[in-house]
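Asks: with the input below, show me the fold.
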Amino acid sequence: MKVQRFLAAVAVSLFIVPMLSACGPTSVDVTLETYKLTMSRNTAPAGDIVFHVTNKATDQTHEFVIFATDLPEDQLPVKDDGTVDEEGTGVTHVDEVEVEAGQASDLKVNLPAGNYVMICNIDTPTPHYMQGMHAAFTVQ
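Replies: Numbers count the residues shown, from 1 in each chain. Next comes the predicted model:
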């Protein structure tokens with residue numbers, strides 16, 4: 001009898017626990033600093049994803065911009081001023097949030113499986129993308 005209850009509990013937990021974890025959005029912490037963009041993870045399952053974006057810079061606004069693209073993160077199309085051409089060939093603008101210095105903001109998006117690049121597209125004092133503020137992200 002104890003073995004049957006144990007097996008029933010195991011079966012229920014194997015079925016219910018994965019369902020519960022799939023109910024909520026995936027969270028990704030993003031840190032923006034002067035010419036640096038880091039994420040707590042670079043992959044996530046398809047579906048709702050909440051990016052918790054914190055701007056640790058003390059004197060500079062930053063953007064967190066999401067592009068769907070198969071291009072390498074450092075080879076997005078750029079304009080003459082060094083910013084990424086958000087309507088350029090090979091990139092699809094998904095969403096973005098601007099975060100003031102010392103502030104934080106959440107950006108919730110529903111992403112299908114694919115490849116993405118996250119960037120800051122601010123251009124002052126120099127183009128942040130060209131200074132290395134970009135990261136690749138894969139949704140599975």
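Asks: need the contact list for the spatially most central residue of the chain.
Replies: When the chain is reduced to its mean C-alpha position, the nearest residue by C-alpha atoms, centre = their mean turns out to be Phe51, at 5.6 Å. Contacts of Phe51 were listed using C-beta atoms under 8 Å, 6 or more residues apart in numbering, and they are Val28, Val30, Met39, Phe64, Ile66, Val97, Asp106, Leu107, Lys108, Val109. Quick note: C-beta positions are derived from backbone N, CA and C, even for glycine.
Asks: ok, the second one - contacts?
Replies: Contacts here follow C-beta under 8 Å, 6+ apart; on that basis Val30 touches Leu37, Thr38, Met39, Ser40, Phe51, His52, Val53, Thr54, Phe64, Met118.
Asks: these into a markdown table, with extra columns for secondary structure and pLDDT?
Replies: Output for the contacts of Val30, formatted as a markdown table (DSSP: H, G, I helix; E, B strand; the rest coil; pLDDT from 0 to 100):
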| residue | secondary structure | pLDDT |
| --- | --- | --- |
| Leu37 | strand | 98 |
| Thr38 | strand | 98 |
| Met39 | strand | 98 |
| Ser40 | coil | 98 |
| Phe51 | strand | 98 |
| His52 | strand | 98 |
| Val53 | strand | 98 |
| Thr54 | strand | 98 |
| Phe64 | strand | 98 |
| Met118 | strand | 98 |
